[in-house]
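> no sequence on this one, just coordinates:
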């Protein structure tokens, strides 16, 4: 009977932790509505924000054609990619950036998958068992995460709408969370 009480107490504590996580302060989504809420320029580019504002915050989330993206400013460069990890939809906007073999990578906060900011490649550390003394080396899984083209003009940052004629693994979660932006952004 005591085991049941302890187990119930643990479930209740887990429930309270979930409520706290759910209700904590959220990322700012400056652009949300049916088309992304952002200003669409005549040339099709979507305004994301001011260059200086993004440099200060280091990252910003936005919607482009209803698709959630995250823009990072890291080591003097801007990078834009789908905001949900290709693996299980983790929120990349909450991940840490690490350097792996000279490549800036976002680390998914859910399962620690590593994705290069420059190309969207998934990286993993593996060994070649045929080597006499195998040592782990970083290897590519190929491009898994959709990268979005950025344009900077007069201090404004723009993103081109995605070319959906080519598919990436991250498209699944981008589409899944497209209409449920609040759920997708962790709000």
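Looks like it arrived, so ask away. Model, not experiment: these values are computed from the prediction. Numbering: from 1, shown residues only.
> drop to CA atoms for contacts and neighbour counts, all remaining ones
Noted.
> neighbouring contacts of stretch 97-105?
Contacts with stretch 97-105, where a contact means CA atoms under 8 Å, 6 or more residues apart in numbering, come from 106, 107, 114, 115, 116, 117, 118, 138.
> rerun at 6 Å
Residues from elsewhere that reach stretch 97-105, judged by CA atoms under 6 Å, 6 or more residues apart in numbering: 106, 114, 115, 116, 117.
> measure the residue nearest to residue 46 when sequence neighbours are not counted to residue 62 for me?
Leaving aside its sequence neighbours, residue 46 sits nearest to residue 40 (CA to CA, 6 or more residues apart in numbering; 4.6 Å). From residue 40 across to residue 62, the span is 13 Å (CA to CA, to the nearest Å).
> so which of these two has more stuff around it?
Higher neighbour count among residue 40 and residue 62: residue 62, with 28 against 19, using other CA atoms under 10 Å.
> doesn't that one fall inside a strand?
Yes: under DSSP: H, G, I helix; E, B strand; the rest coil, residue 62 sits within a strand.
> and it, how far is that from residue 124?
Counting by CA to CA, the gap from residue 62 to residue 124 is 28 Å.
> so the residue nearest to residue 46 sits right up against residue 63, yeah?
No: in this structure, residue 40 is not within contact of residue 63 by CA atoms under 6 Å, at 11.4 Å.
> of the contacts of stretch 97-105, which belong to strands?
The strands, defined by DSSP state E, take in 106, 114, 115, 116 from these.
> pLDDT wise, what is the closest residue to residue 110 other than its chain neighbours at?
Distances taken as CA to CA, 6+ apart put residue 90 closest to residue 110, at 5.6 Å, once the chain neighbours are dropped. Residue 90 is assigned 96 on the pLDDT scale.
> now residue 90: how far from residue 75?
Counting by CA to CA - residue 90 and residue 75 are separated by 24 Å.
> same drill for the two, tell me which one is more crowded.
Counted by other CA under 10 Å, residue 90 and residue 75 do not tie: residue 90 has more neighbours, with 23 against 9.
> pretty sure the more buried one sits against residue 106.
No: at 11.4 Å, residue 90 and residue 106 do not qualify as touching, with contact defined as CA under 6 Å.
> just say helix, strand or coil for residue 6.
At residue 6 the chain is in helix, as set by three-state DSSP.
> same check on the one 5 residues further on?
For residue 11, the reduced secondary structure class is helix; criterion used: three-state DSSP.
> what is the burial count for it?
The tally of other residues near residue 11 (other CA under 10 Å) stands at 12.
> which residues touch it?
Shown in contact with residue 11 (CA under 6 Å, 6+ apart): no residues.
> same thing with residue 92?
83, 84, 108.
> same thing but 10 Å
Contact partners of residue 92, counting by CA atoms under 10 Å, 6 or more residues apart in numbering, are 61, 69-70, 81-86, 106-110, 113, 115, 185.
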